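**Q** Need coordinates for the following:
(2 chains)
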Amino acid sequence: MATTTAQPETEQRITLGYLLKKFYDWLVDRLDRTGWLAYKITIPKRFVSPLPFLGFLTFFNFLILGITGALLMLFYTPSLSGAWLSVQTINNTIPYGEIVRNIHYFASDAMVFLALAHMYYNYFSGRFKIRNEIIWVTGVIFGTVTVLEAFTGYDIILNTRAVLAVSIGVSLNYSAPLLGPTIVKTIFGQGFPDFILRFYALHIFIIPVLMIVLMLVHFPKNLTFDIPVVSAVTGAVLLLGGMYPVALGVQYTPHVNPGYTLPEWYLTTLYAFLRTFMPKFVAGILIPTLFILMFLVIPFVDKSKKFSWKDRPFFSALGIASIGQIVATTYWGFYINEAALTPTLALFIDPVQLFGAMILIAALCFVGTYALLRYWASKGGGRVSRGKKPQAPVNFISSRWLIAVLVAMFGFEVFLNANAALAAVKNFPNLTMFDLGAVLMLFAVMFHLYRYSKPAA
Amino acid sequence: MSDNQDNNENKEDNASTQNSQDSTSSADTTSQKSEQQQKTPARPQIGTPINRPKIGTPIGTPSDKPATPAPAPQAAPQAVPASTVPARPRIGTPIGTPVGKPAGRTTTPSQTPAAGTPVARPAVGAPRPTVGAPSLASQAPAVGRPSVSSPSAGRPGAPVKKPESKEAVSRRNFMRGLIALGGLVAVVQFGALGPFLQGTVGASKITPEPIIDAITGAPITTSSFSNAAQWLTFVYPRTGNSNVDSDTFRQCVIIKLPQGFTAPSSLSVSDSTGTYCAFSRVCVHLWCLWSYVPADKRMECPCHGSQYVPGSGTYPALPQADNQPPGLAVEGPASLQVAPNNQLPMITLTLASDGSFTATGIVGQIGCGQKC
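**A** A predicted model of the protein is given here:
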């Protein structure tokens, strides 16, 4: 709230700065009537750990996805026969189309990954305890919705893999007891022309609107917008796009055998379960739902007053075990023995092996973490020291040299930008993306170097 | 209604006194403000609602006037003589108008509303009052944010009694129930929109159609088959719209059965060249499209490895597939699914004397099974 100070202003000369300040005050005062000032966004002037605001980084990727998604919408055709061709046009013909598409793709990967990391940070730091139960629960729902949004996104490209994914997604819904066929008919329609249109509607409107509504509940009042970290994450998205540009895939036609096809990395876990040939409802819906439910109820189970992961050996061990499960099943989902004689042999995952390994990994992770934490606690080293010292300036470099380094980096930034522009003219979108990513990374390093070496400035 | 009118009157009162007092309002606002602040150090923050008597309990809630059983919508807290209310600092300058008032209007010190006179309630969702002038709060009826559900916000400490008449309550409850029911009746109609979601863009009727090779576009006849082409794909039911016709649910396969294989005559056609069966190409496991592998004499799905038999025959390497009905899954996840979810839907055919095929119908439900 803009509170005016009590000091009388004397003989203020009307300068541009003064007018701008007046306008700013006026604006803030009026915006106070709206919801826009409800969130307090802090821009840290000194180095802070990026871990507590991974959520904001996730949100930033959401913004990138919104912008690039809106751009892609201008050229996309949501139809069974035209979708892949329109994506091909975006990729190959539209200027900067490949760049926009790659940013959209890798930002979605980054969003899923950051959301997961965000969840685990808050799990281990015990932040869900400080009256944050609603934020935690909506966060878990938000994560699930994020994966669904990413899933519908890679489906509407309509390459062979996408059609398989749509088939699997819809038929999993179909397999739900009693209501399955009705659910499919109501949500997805009655054939692939319907599925594709509805996946499109879900991807560009219905799920994003749901996500924005969830944000209003999920976001705490205080947010941290750390410029160098945001810049570095955006840079990483571009770098990945430059190094591993996303493939177009093979256009879906009913007559082309798609061969062995893997889903996106965040769904190979599900794929591993499906390949055990258990009933598909159990493998595809029940197991993931139980996993999500386990996280949903955590704040209502872990009710101790301890926050640090070191002080909560049981739940920390549980968290580590769950990470072990995710890693193991994700890796297993990727593994296909393509040399096998039949598709069945190539794809079949022995449930005894898979679940045996999962139980073994869970037990090892759990017992190991639990024992380690209890051992630390018995040594008295379990507690984190609370009193934090103010960050001292790091004088590893003299101010003169710092200026020299910053000038050199700035020069390099300009050079990379020019290079990116040249690459764009010569039609090397990969190089453009790589250079732009490097520029953002460089800016992040410059900012950090300045801030870390001169915290007082 | 009277509530609102009172509100308006009061606001106008405020505005008029404001104007009469504030002859210098067009002067420099900042200097005026600072002057004012010097006069009244403990000044409520601009933009916060001021403490003032709770007004206008929502119509339909019990009165907060104690010992008055009959609910009176316009009831206000007990009268506090206006003179006992200490002069309240004027809030609101042209820069920051107080919440809950139209812009440009302000309250004035002398214009604290006499009790019983409704004043504007802060808008719903207005910030919770954080700062109130302490001297004021101690004497004037302190009211927090008017909350719709709280009937006790009149005076702190004053005993609050609920209306005693039982009849009044039950009547009110009856009316409430009626309102709730009315709302339900008003929205229940929209349930009829459910079938909207179950509409489809690709609907077409199942009628007899000559089958056409989906790749070459030529009609399929018995002479279309050879050792190299033991299975051919076609679209059924066909619409002619390429967007709809590439639907996987419309993809079908006609297979010339291997030597020695048989199928029930209701599900197959045969002549001197051989026996032919047609299937939906959608695997009943997770709806991928399978392909026929003549070397194995089986249909195999690339996604998760389900395998189906095209007809009844013998499989030396796969004993469980021996003499199974056409379309049954014999290996892979589809074979582990509970019947009828383990057998491919089939297309019934007729075979003309010139060797041309006509598809006449679908046996079973696509994606589910032959006996679904």
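
**Q** For the residue nearest to residue A:223 when sequence neighbours are not counted, which residues are in contact?
**A** Distance criterion Cβ to Cβ, 6 or more residues apart in numbering or on different chains; nearest residue to residue A:223, sequence neighbours excluded, is residue A:41 at 4.9 Å. C-beta here means a position set from N, CA and C on the backbone, and glycine is covered the same way. By Cβ atoms under 8 Å, 6 or more residues apart in numbering or on different chains, residue A:41 lies in contact with A:223, A:224, A:225.

**Q** For PyMOL, what selects the buried ones among those?
**A** Entered in PyMOL, the line below selects the buried ones among the contacts of residue A:41, by 16 or more other Cβ atoms under 10 Å in any protein chain shown:
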select buried, chain A and resi 224
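
**Q** Adding secondary structure, write the contacts of residue A:41 out as JSON lines.
**A** JSON lines is the format used below for the contacts of residue A:41 (DSSP: H, G, I helix; E, B strand; the rest coil):
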{"residue": "A:223", "secondary structure": "strand"}
{"residue": "A:224", "secondary structure": "strand"}
{"residue": "A:225", "secondary structure": "coil"}
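
**Q** now, which of the contacts of residue A:41 sits nearest chain B?
**A** Ranked by distance to chain B (Cβ to the nearest Cβ), the contacts of residue A:41 are led by residue A:223 at 19.1 Å.

**Q** for chain A, what spans make up the strands?
**A** A:40-42, A:222-224 (DSSP state E).

**Q** Quick one: closest of these to residue B:254.
**A** strand A:222-224 (61.4 Å; Cβ to Cβ).

**Q** Check which helices and strands the closest one is in contact with.
**A** Strand A:222-224 sits against strand A:40-42, with contacts defined as 3 or more Cβ pairs under 8 Å, 6 or more residues apart in numbering or on different chains; DSSP states H and E.

**Q** Strand partners (parallel or antiparallel) of the strand it packs on?
**A** Note on strand A:40-42: by DSSP bridges, its sheet partners are strand A:222-224 (parallel).

**Q** what about the residue lying closest to residue A:144 once chain neighbours are set aside, how many residues close to it?
**A** Excluding the flanking residues, the one nearest residue A:144 by Cβ to Cβ, 6+ apart is residue A:292, at 5.8 Å. If you count neighbours by other Cβ atoms under 10 Å in any protein chain shown, residue A:292 ends up with 14.

**Q** Please apply the same query to residue B:353.
**A** 6.

**Q** domain parsing for chain B?
**A** B:1-145, B:209-363 (automatic domain parsing).

**Q** between those, which gets the lowest average pLDDT?
**A** Among the domains of chain B, domain B:1-145 has the lowest mean pLDDT, at a mean of 44.

**Q** thinking again about what came up before, export the strands of chain A to CSV and append columns for mean pLDDT.
**A** Listed next are those as CSV, based on pLDDT from 0 to 100:
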stretch, mean pLDDT
strand A:40-42, 88
strand A:222-224, 90
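
**Q** quick one, what contacts the residue of the stretch 351-457 of chain A found nearest chain B?
**A** Per Cβ to the nearest Cβ, residue A:351 is where the stretch 351-457 of chain A lies closest to chain B, at 10.9 Å. Residue A:351 makes contact with A:276, A:277, A:278, according to Cβ under 8 Å, 6+ apart.

**Q** Which member of the residues you listed exhibits the greatest number of neighbouring residues?
**A** Per-residue neighbour counts (other Cβ under 10 Å) across these peak at residue A:277, which has 25 neighbours.

**Q** so who does it touch?
**A** Residues in contact with residue A:277 (Cβ under 8 Å, 6+ apart) are A:348, A:351, B:304, B:332, B:333, B:336.

**Q** Please repeat the previous calculation with a cut-off of 6 Å.
**A** Counting by Cβ atoms under 6 Å, 6 or more residues apart in numbering or on different chains, residue A:277 touches B:333, B:336.

**Q** related to what we said a few turns ago, when you check the contacts of residue A:351 against the helices, which ones overlap?
**A** Using DSSP state H, no member of the contacts of residue A:351 falls in helices.

**Q** and of the residues you listed, the nearest to chain B?
**A** The shortest gap between chain B and any of the contacts of residue A:351 belongs to residue A:277, at 4.0 Å (Cβ to the nearest Cβ).

**Q** Least confident of the contacts of residue A:351?
**A** pLDDT across the contacts of residue A:351 is lowest for residue A:277, at 83.

**Q** next one: phi and psi at that residue?
**A** Note on residue A:277: backbone dihedrals following degrees, to the nearest 10 are phi 60, psi 30.

**Q** quick one: it and residue A:197, what's the gap?
**A** Counting by Cβ to Cβ, to the nearest Å, the separation of residue A:277 from residue A:197 is 32 Å.

**Q** what does residue A:87 give?
**A** According to Cβ to Cβ, residue A:87 stands 16 Å off from residue A:197.

**Q** How about residue A:259?
**A** Distance, residue A:259 to residue A:197, using Cβ to Cβ: 27 Å.

**Q** Comparing the two, which shows the higher neighbour count?
**A** Comparing residue A:259 with residue A:197 by other Cβ under 10 Å, the one with more neighbours is residue A:197, at 17 against 12.

**Q** who's in contact with the nearest residue to the more buried one once chain neighbours are set aside?
**A** With Cβ to Cβ, 6+ apart as the criterion, residue A:197 has its nearest non-adjacent residue at 5.5 Å, and that residue is residue A:78. The contact partners of residue A:78, by Cβ under 6 Å, 6+ apart, come to A:196, A:197, A:200.

**Q** go on, residue B:273?
**A** Taking Cβ under 6 Å, 6+ apart, we find residue B:273 in contact with residue B:222.

**Q** Then residue B:252?
**A** Contacts of residue B:252 by Cβ under 6 Å, 6+ apart are B:234, B:236, B:278, B:280, B:281, B:347.

**Q** and the helix or strand that contains it, which strands flank it?
**A** Using DSSP states H and E, residue B:252 sits in strand B:251-256. With DSSP bridges as the test, strand B:251-256 is paired with strand B:231-235 (antiparallel), strand B:274-280 (antiparallel).

**Q** any chance of those strands in TSV, with mean neighbour count too?
**A** Listed next are these as TSV, based on neighbours: other Cβ atoms under 10 Å in any protein chain shown:
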stretch	mean neighbour count
strand B:231-235	22
strand B:274-280	24
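
**Q** Close to chain A: what parts of chain B are there?
**A** For chain B, the residues in contact with chain A (Cβ under 6 Å from any Cβ of the partner chain) are B:30, B:34, B:37, B:45, B:96, B:197-198, B:200-202, B:215, B:233, B:242-244, B:246-249, B:251, B:286-288, B:291, B:300, B:302-305, B:331-333, B:336.
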